[in-house]
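J.: I need the structure of the sequence given here:
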Amino acid sequence: MEFTDLNNKNIDQNLTMSEKKFLNKQEHAKHLEKYNIQPNRAMLTIILSILVDVFGYSMVLPLLPSIVKDFGASDFFVGILISSNAFTAMIFGPIWGKLSDKYGRKRILVISQAGTGLSFLILATSNSVYIIMFSRILDGVFGGQIPVIRAYISDITTPTTRSAEMSKIMVGHVVGMIIGPIIGGFLGSVNWRYPAILASFLSIIAIILTLKVLIESMPKERIADIKLRLTTNENTPDNNKSIWNKEVNIRLAQIFLLFMITVMVNSSFPLFLDNRYGAGPMIIGSVMSVAGIVVMFYAGVLMKPMLRKFGEKRVLIFGFILIIVTFLFFPYLTELWMVYVFVIPFAFCMSIIPPLIQSNLTKAVDQDKQGEASGWTTNFQSISQIIAPLVSTGFLEIGGLVVFSVFFFNSYQLIGFTAVLLGIALLIVGIIDLKSHPYLYAHDEPKNKEIVKEDQIKFPSET
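T.: Have a look, this model is predicted:
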């Protein structure tokens with residue numbers, strides 16, 4: 001691995017994963033200039049691309065029940081549609097990520113956007129439930145946008161800025177999830193095909209933005225330089241032939257545990273509000289809007305200054321603890337107003353924890369494997385999207401459970417306490433990760449101990 005040292009040119013090139021440090025902001029900017037990459041311009045396009053992608057998805061997804069009922073299908077078929085999409089995304093996410101490592105982010109992103117647009121167009125022209133299922137499967141097959149975008153962000157950021165930039169994905173995602181259902185509901189009330197047509201049109205806009213505005217973060221020259229570096233350092237410990245190592249495994253485990261909690265709650269939330277409080281669509285929509293606004297505020301406004309003040313390590317540990325405490329109260333939300341209070345800390349956790357874990361994952365693999373690692377992130381999220389809804393809706397279905405013939409837990413306690421157990425497991429795994437890999441937050445140390453200028457620290461030229 002090639003290293004830059006402002007004070008000494010002779011640096012040991014055989015750093016282990018636990019010892020390695022990273023480029024500072026100035027060095028990384030010079031590195032990107034070499035390939036004509038402009039990070040600020042790129043981030044705007046990335047956020048718009050995510051917004052368009054989620055916008056189309058969120059317009060169509062709420063209409064699936066009424067769509068399949070028009071064709072005489074059962075409610076269970078809606079679950080099959082959602083699971084089939086997640087299942088195919090699980091398979092193809094790592095493939096698209098790996099292809100983006102080899103051929104560049106931009107062209108793979110365009111292919112994914114085109115496939116998504118085509119899937120919406122097929123949905124809009126469907127004349128049977130089997131064509132509808134094919135459209136959802138096709139959407140999952142081409143669901144490579146998020147892993148490629150995560151890899152793109154890792155390409156243009158440093159470890160000190162990556163978590164805050166990763167959180168911006170949440171802004172585009174949440175805006176799309178808030179506005180999408182409103183427009184989808186309005187158009188869907190006229191004809192359920194109209195939102196799918198609009199989603200297909202929005203995909204065309206995303207493709208144009210990507211082609212005309214987005215600058216490739218992995219141009220041929222950069223890919224060639226990375227390959228040359230890896231060939232030169234063929235026998236060094238950092239030249240891993242595969243992304244799989246203990247660091248990657250432990251961070252993917254964190255992602256799985258976190259999204260098990262998130263998806264378990266999100267997938268059952270409308271049913272939970274309906275069953276416990278008799279809440280109608282307007283109330284359910286208002287709760288989800290509050291959650292979305294809170295996520296937007298945390299991710300878009302609060303994240304960066306909070307990380308600057310407290311450091312990533314402290315914020316991450318606080319998030320792990322907060323999610324446990326929050327779900328201890330979940331079974332006891334006896335009044336509807338309590339739900340509005342509950343979503344504030346829950347949204348906070350969902351805003352700060354995912355980008356921090358994802359940022360740590362990018363530090364565990366080299367630049368030529370960022371897309372593949374991001375693809376596996378999507379894979380583990382998809383696994384949770386398959387399992388978690390079955391767990392939470394299963395608890396609601398059975399109504400309660402007797403344990404050891406003595407203790408009775410109602411469905412709300414089962415959901416809340418299961419989330420608590422998953423949160424405890426997440427905290428334990430997270431602490432093990434932090435203690436085993438102290439290099440992760442070496443850039444936090446100057447803030448916590450003594451002020452050290454960034455340009456006085458030694459960094460490698462590539463992570």
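J.: where along the stretch 151-300 of the chain do the helices fall?
T.: Along the stretch 151-300 of the chain, counting by DSSP state H, counting those that start in this stretch, helices occupy 159-190, 193-212, 220-232, 246-277, 281-297.
J.: list just the one of those helices that sits closest to Thr326.
T.: Relative to Thr326, the nearest member of the helices of the stretch 151-300 of the chain by CB to CB is helix 246-277, separated by 9.8 Å. For every residue, glycine as well, the C-beta is placed using N, CA and C.
J.: show me what the closest one is packed against.
T.: Contacting helix 246-277 under the criterion 3 or more CB pairs under 8 Å, 6 or more residues apart in numbering; DSSP states H and E are the following elements: helix 281-297, helix 336-362, helix 370-398, helix 411-436.
J.: again, 10 Å this time
T.: Packed against helix 246-277, as judged by 3 or more CB pairs under 10 Å, 6 or more residues apart in numbering; DSSP states H and E, are the following elements: helix 75-103, helix 281-297, helix 312-328, helix 336-362, helix 370-398, helix 411-436.
J.: so which of those helices gets nearest Ile146?
T.: Shortest distance between Ile146 and the helices and strands packed on helix 246-277, using CB to CB, is found for helix 370-398: 5.9 Å.
J.: and the angle from that closest one to helix 411-436?
T.: Orientation check (axes from the mean of the first three to the mean of the last three CA atoms, to 10 degrees): helix 370-398 against helix 411-436 gives 150 degrees.
J.: how about helix 370-398: buried residues?
T.: Residues 370-385, 387-389, 391-393, 395-396 are the ones in helix 370-398 that count as buried (16 or more other CB atoms under 10 Å).
J.: tell me who's in contact with the nearest residue to Leu328 once chain neighbours are set aside.
T.: Leaving aside its sequence neighbours, Leu328 sits nearest to Val420 (CB to CB, 6 or more residues apart in numbering; 5.8 Å). Applying CB atoms under 10 Å, 6 or more residues apart in numbering, we find Val420 in contact with Ile261, Ile323, Ile324, Val325, Thr326, Phe327, Leu328, Phe329, Phe330, Pro331.
J.: apply 7 Å and report the result again.
T.: By CB atoms under 7 Å, 6 or more residues apart in numbering, the contact list for Val420 reads Ile324, Phe327, Leu328.
J.: again, but for Ser217
T.: By CB under 7 Å, 6+ apart, the residues touching Ser217 are Ile37, Ala42, Arg105, Tyr152, Asp155, Ile156.
J.: report how many residues lie close to the first one.
T.: When neighbours are defined as other CB atoms under 10 Å, Ile37 has 19 of them.
J.: where does the stretch 1-150 of the chain dip in pLDDT?
T.: Scanning the stretch 1-150 of the chain for pLDDT under 70 picks out the ranges 1-29, 31, 39-41, 56-58, 61-66, 68-69, 74-76, 78-79, 144.
J.: recalculate using a threshold of 50.
T.: For the stretch 1-150 of the chain, the stretches flagged by pLDDT under 50 are 1-20.
J.: sorry, back to before: columns pLDDT and distance to Ala86 on top of the contacts of Val420, output as TSV?
T.: Below are the contacts of Val420 laid out as TSV (pLDDT from 0 to 100; distance: CB to CB, whole Å):
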residue	pLDDT	distance to Ala86
Ile324	96	26
Phe327	95	23
Leu328	95	29
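J.: just the buried residues of these.
T.: Buried members of the contacts of Val420, counted by 16+ other CB under 10 Å: Ile324, Phe327.
J.: in JSON lines: the contacts of Val420, plus distance to Val429.
T.: Below are those laid out as JSON lines (distance: CB to CB, whole Å):
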{"residue": "Ile324", "distance to Val429": "13"}
{"residue": "Phe327", "distance to Val429": "17"}
{"residue": "Leu328", "distance to Val429": "19"}
